[in-house]
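> 3D, please:
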Amino acid sequence: MNISTRIEHIRDIVRYWKKQDQTIALVPTMGKVTEEHVELIQRALKISDRVVVSMFVNPLQFSSKEEMLRHETDFEGGEEICRQLGVHQLFIPEVEEMYGGRFCTYVVCEEWPDGNDDPENYQYYKGCCTVVMKLFHIIEPDCLYIRSQKAKDAEVFRKLAHDMNMNVEIYTG
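Numbering: from 1, shown residues only. A predicted model of the protein is given here:
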């Protein structure tokens, strides 16, 4: 299993796979591989040539730094699980790698399931849509696997992919 922390490194790998006409599945995590992620990875391994798991705690999804610091992660455990499952690529970027410098561009979906009235909900989906769009452009997956408890997110990502003409299928666990 390869591990990338740099965007350019994973892009080089993806370019190589794409030249070989291989299909790529992406299973994103927020820094911890859960049992449901394991099931998604196993599904992805059955139908895709290559499986990438991202482990990134996206600061844009949290309403405060304190909330982000309370978020449970297990990078070492996730890496071991991915290795045992036969994941091809692990992408573990630092925040600086994903949003370095003066980051000022965000993706906002105007039709998320719970509306736009709740500021925390707005912040969460603004962060989710931004990082998913970045992952779509970095990894160029053919399919994205989202946990079933994140079905609302999957609905938003489908709309995002459709609106932005992204050729990616979104599956839930």
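> how about the contacts made by the closest residue to Ile146 other than its chain neighbours?
Nearest residue to Ile146 in three dimensions, chain neighbours excluded: Ala154, at 4.4 Å (CB to CB, 6 or more residues apart in numbering). C-beta: built from backbone N, CA, C; applies to glycine. Neighbouring residues of Ala154 by CB atoms under 8 Å, 6 or more residues apart in numbering: Ile146, Ile170, Tyr171, Thr172.
> element containing Ala154?
Using DSSP states H and E, Ala154 sits in helix 151-163.
> what's the mean pLDDT across that helix?
Mean per-residue pLDDT for helix 151-163: 90.
> tell me the span between the first and last residue of stretch 101-120.
With CA to CA, to the nearest Å as the measure, stretch 101-120 spans 25 Å from end to end.
> now it: mean pLDDT?
On average, stretch 101-120 scores 76.
> excluding covalently adjacent residues, which one is nearest to the residue nearest the centre of the chain?
By CA atoms, centre = their mean, the mean C-alpha position of the chain lies nearest to Pro28, the distance being 3.3 Å. Nearest residue to Pro28 in three dimensions, chain neighbours excluded: Ser54, at 4.7 Å (CB to CB, 6+ apart).
> partner strands of the helix or strand that that neighbour is a member of and their direction?
Using DSSP H and E, the element containing Ser54 is strand 50-55. Sheet pairing here is set by DSSP bridges, and for strand 50-55 it gives strand 24-29 (parallel), strand 89-91 (parallel).
> pull that strand out as CSV, backbone CA atoms only.
Output of strand 50-55 as CSV, limited to C-alpha atoms (Å, rounded to 0.1, in the frame of the first residue of the first chain):
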residue,chain,number,x,y,z
ARG,A,50,-7.8,0.8,-7.4
VAL,A,51,-9.1,1.9,-4.1
VAL,A,52,-7.9,5.1,-2.4
VAL,A,53,-8.8,5.9,1.2
SER,A,54,-8.4,9.5,2.4
MET,A,55,-7.9,10.3,6.0
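> from now on call the first residue 38
Right, with 38 as the first residue, what we last looked at is strand 87-92.
> now the closest residue to Leu77 other than its chain neighbours: phi and psi?
Spatial nearest neighbour of Leu77, excluding adjacent residues (CB to CB, 6+ apart): Tyr182 at 4.0 Å. Main-chain torsions, Tyr182, degrees, to the nearest 10: phi -110, psi 120.
> identify the bridge partners of Tyr182.
Taking DSSP bridges as the rule, Tyr182 bridges to Tyr208.
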